[in-house]
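A.B. asks: Based on what follows, work out the 3D shape:
(4 chains)
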Number of protein chains: 2
Amino acid sequence: MTSETSKRSPKKEAKSRTSTKEKIFNVSIDLFSQRGFNGVSIREIARDVGIRESSIYNHYRSKDAIMNSIFQYFKGELIKMRPPEARNREDMGQITPEVFRRRAHSTLNLFNDPKMEKIFRIISNEQFRDERAKEIVLDYLIREPYSFSKKVIEIMISNGKIDKVDPKVKAMEFQYPIYSLFLENLLLRSNNSDTSLNEKLIEDHLDHFVNSLKKE
Amino acid sequence: MTSETSKRSPKKEAKSRTSTKEKIFNVSIDLFSQRGFNGVSIREIARDVGIRESSIYNHYRSKDAIMNSIFQYFKGELIKMRPPEARNREDMGQITPEVFRRRAHSTLNLFNDPKMEKIFRIISNEQFRDERAKEIVLDYLIREPYSFSKKVIEIMISNGKIDKVDPKVKAMEFQYPIYSLFLENLLLRSNNSDTSLNEKLIEDHLDHFVNSLKKE
DNA sequence: GTCTATAACAGGATAGAC
DNA sequence: GTCTATCCTGTTATAGAC
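C.D. replies: Model (predicted):
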């Protein structure tokens, strides 16, 4: 009933090459990031994958369902990269100011992955009209990193590791510039413009902030 | 607005309060900010204005030309609100750290205008795929305010008004958080969410920065 | 799982009457 | 300046053969 060459069970498929569903997923990321959700048709996706439009519907219920899986993937990757300290209350005890530099670098690193970079573009482009995109920007890219920074600062103060500062303001002064610097970085990259000044600013910011926390 | 077909007869123009062209302009801002450029059809714009689609083409050459006039309007408003110090080298002499607070407030104030707020949303939504939008974000919203801040800091240092700091880093620490705080503010507003924490953070940032510049 | 075929309709833009 | 009528292409999605 099954011939190994022409038919494969979905479970064994991961072994050899990318499944059609994965191809649809990847092609959609490419196209959505280039022309926006509304600027891309199911036909284009199908053409780039190499199948007919109607076949798409065997894998995703609708164009919007593809978008949804892209958002889910992005959130999953962000959660996976959260530092252990963000989840493990006990680890907070041994924390040093260097944790800020480390987390910033791993975030920047995550977006060196072309897939994540493209999804960030999609999210930026949809942030004011798609509730899912808005939630990602607000909760995953702004508030959670801010809250984490604030908590770390509070703990370092109560541990006597750093001098007394206002955790609300200090956390903001660390975290908020990073989003803008990062957006600038991705805009420049999408332009093939030089990012060296921007990257210097990022490193200067990290240095300056970590130093400002060191006890006198 | 733009140099689109501006051949209106002077007699008829005095009659109606808002010309058809202005109506098209305003309706387009509403619709584009809600559903994005690609999500809006010429037909919808025409319907909301109260004319037929084909009549649009008497005022704008194409849908894209409407978008262009929106971008031009936005840039014009931003240039108009630049502080005199940003254009007049002589005024730089009498400058005090309060100039940072003033400029931030007038920028925030400019975006209390619903029209400007909506256009900001449009620009955010197009920033990675429309070169005009990208230019506005990079040049008008990030780099120009940064350069202005840097220049002001340099001048205040050479005047002895403030202690010696690195103008590059200091200007970044002032300007970059403002963009993120501001984006957060507009995302929250579009959500009908509470913005009081965000606004408190903005004021704290301005206070903290202006104080950090005061000479000891 | 993919194909062909097609339903059912929306898209931007134009021509020409008034 | 606005209208009606129309062009032609593109759109999401479904039905049923293989």
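
A.B. asks: Report the spatially closest residue to A:D204, excluding sequence-adjacent ones.
C.D. replies: Sequence neighbours aside, B:V169 is the residue nearest to A:D204 in space, at 4.9 Å (criterion: Cβ to Cβ, 6 or more residues apart in numbering or on different chains). (Each C-beta comes from the backbone N, C-alpha and C, glycine too.)

A.B. asks: Quick one: residues contacting the nearest residue to A:G36 once chain neighbours are set aside.
C.D. replies: Of all residues beyond its chain neighbours, the one nearest A:G36 is A:N125 (5.3 Å), with distances taken as Cβ to Cβ, 6+ apart. A:N125 makes contacts with A:36-37, A:133, B:36, B:124-129, as judged by Cβ atoms under 8 Å, 6 or more residues apart in numbering or on different chains.

A.B. asks: got a winner among the residues you listed for most neighbours?
C.D. replies: Comparing the contacts of A:N125 by number of neighbours (other Cβ atoms under 10 Å in any protein chain shown), B:N125 comes first, having 27 neighbours.

A.B. asks: and it, how far is that from A:E117?
C.D. replies: 18 Å (Cβ to Cβ, to the nearest Å).

A.B. asks: just A:R82 next, same as before
C.D. replies: Taking Cβ to Cβ, one finds A:R82 at 19 Å from A:E117.

A.B. asks: Just give me how far the strand or helix carrying the residue nearest to A:D204 sits from the chain centre.
C.D. replies: For B:V169, the element it lies in under DSSP states H and E is helix B:167-190. Put simply, helix B:167-190 sits 13 Å off its chain's centre (Cα atoms, centre = their mean, to the nearest Å).

A.B. asks: quick one: A:P83 and A:H105 touch, right?
C.D. replies: No. Taking contacts as Cβ atoms under 8 Å, A:P83 lies outside contact range of A:H105: 10.8 Å.

A.B. asks: Among the contacts of A:N125, which are located in strands?
C.D. replies: Secondary structure from DSSP state E places none of the contacts of A:N125 in strands.

A.B. asks: Out of those, the closest to A:N109 would be?
C.D. replies: Lowest distance from A:N109 to these (Cβ to Cβ) belongs to B:F128, with 20.6 Å.

A.B. asks: Residue numbers of chain A in contact with chain B?
C.D. replies: With Cβ under 8 Å from any Cβ of the partner chain as the criterion, chain A meets chain B at residues A:33-36, A:38-39, A:121, A:124-129, A:134, A:137-138, A:142, A:166, A:168-169, A:172-173, A:176-177, A:179-181, A:183-184, A:186-188, A:190-191, A:201, A:204-205, A:208.

A.B. asks: And the buried ones among those, selectable in PyMOL?
C.D. replies: Command for PyMOL that selects the buried part of those, burial taken from 16 or more other Cβ atoms under 10 Å in any protein chain shown:
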select buried, chain A and resi 33+36+38+39+121+124+125+126+127+128+129+134+137+138+142+168+169+172+173+176+177+179+180+181+183+184+186+187+188+190+201+205+208
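
A.B. asks: Is A:N68 part of a helix or strand, or is it coil?
C.D. replies: Secondary structure, DSSP: H, G, I helix; E, B strand; the rest coil: A:N68 is helix.

A.B. asks: so what's it up against?
C.D. replies: Residues in contact with A:N68 (Cβ under 8 Å, 6+ apart) are A:R132.

A.B. asks: Against B:R129, how distant is it?
C.D. replies: As for A:N68, its distance to B:R129 is 21 Å (criterion: Cβ to Cβ).

A.B. asks: Equivalent analysis for A:V137, please.
C.D. replies: 17 Å.

A.B. asks: next one: A:N58
C.D. replies: A:N58 is 29 Å from B:R129, by Cβ to Cβ.

A.B. asks: Using the record's assignment, carve chain A into domains.
C.D. replies: Domains of chain A are assigned by automatic domain parsing as A:17-56, A:69-213.

A.B. asks: Same list (those) but as TSV, adding distance to B:M156.
C.D. replies: Output for the domains of chain A, formatted as TSV (distance: least, Cβ to Cβ, whole Å):
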stretch	distance to B:M156
domain A:17-56	42
domain A:69-213	19
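
A.B. asks: Out of those, flag the one nearest B:N88.
C.D. replies: The nearest among the domains of chain A, by Cβ to Cβ, is domain A:69-213 at 26.7 Å.

A.B. asks: pLDDT averaged over the closest one, what's the number?
C.D. replies: Averaged across domain A:69-213, pLDDT comes to 94.

A.B. asks: mind checking the end-to-end distance for it?
C.D. replies: Start and end residues of domain A:69-213 are separated by 40 Å (Cα to Cα, to the nearest Å).

A.B. asks: is any part of that domain close to DNA strand C?
C.D. replies: No. Under the criterion of Cβ under 7 Å from any atom of the strand, DNA strand C is not reached by domain A:69-213; the shortest gap measures 14.5 Å.

A.B. asks: Wondering if that domain reaches DNA strand D at all.
C.D. replies: No. Using Cβ under 7 Å from any atom of the strand, domain A:69-213 never reaches DNA strand D; the gap is at least 13.8 Å.

A.B. asks: Quick one: distance of that domain to the chain centre.
C.D. replies: 10 Å.

A.B. asks: in chain A, which spans are helices?
C.D. replies: Along chain A, counting by DSSP state H, helices occupy A:10-13, A:20-35, A:42-49, A:53-56, A:63-80, A:84-87, A:98-110, A:114-126, A:131-135, A:144-158, A:167-190, A:196-213.

A.B. asks: For the third one, buried residues please.
C.D. replies: Buried positions in helix A:42-49, judged by neighbour count with 16+ other Cβ under 10 Å: A:42, A:45-46, A:48-49.

A.B. asks: circling back: which of the contacts of A:N125 sits closest to DNA strand D?
C.D. replies: A:F37 (8.7 Å; Cβ to the nearest atom of the strand).

A.B. asks: Tell me who's in contact with the closest one.
C.D. replies: Contacts of A:F37 (Cβ under 8 Å, 6+ apart): A:63, A:67, A:122, A:125-126, A:130.

A.B. asks: got it, and A:N159?
C.D. replies: Per Cβ under 8 Å, 6+ apart, neighbours of A:N159: A:G93.

A.B. asks: for A:R129, same thing?
C.D. replies: B:34-36, B:39, B:125 are the contacts of A:R129 under Cβ under 8 Å, 6+ apart.

A.B. asks: Give me the neighbour count for A:R143.
C.D. replies: Per other Cβ under 10 Å, the neighbour tally for A:R143 reads 14.

A.B. asks: actually A:I56, not the one I typed
C.D. replies: A:I56 has 23 nearby residues by other Cβ under 10 Å.
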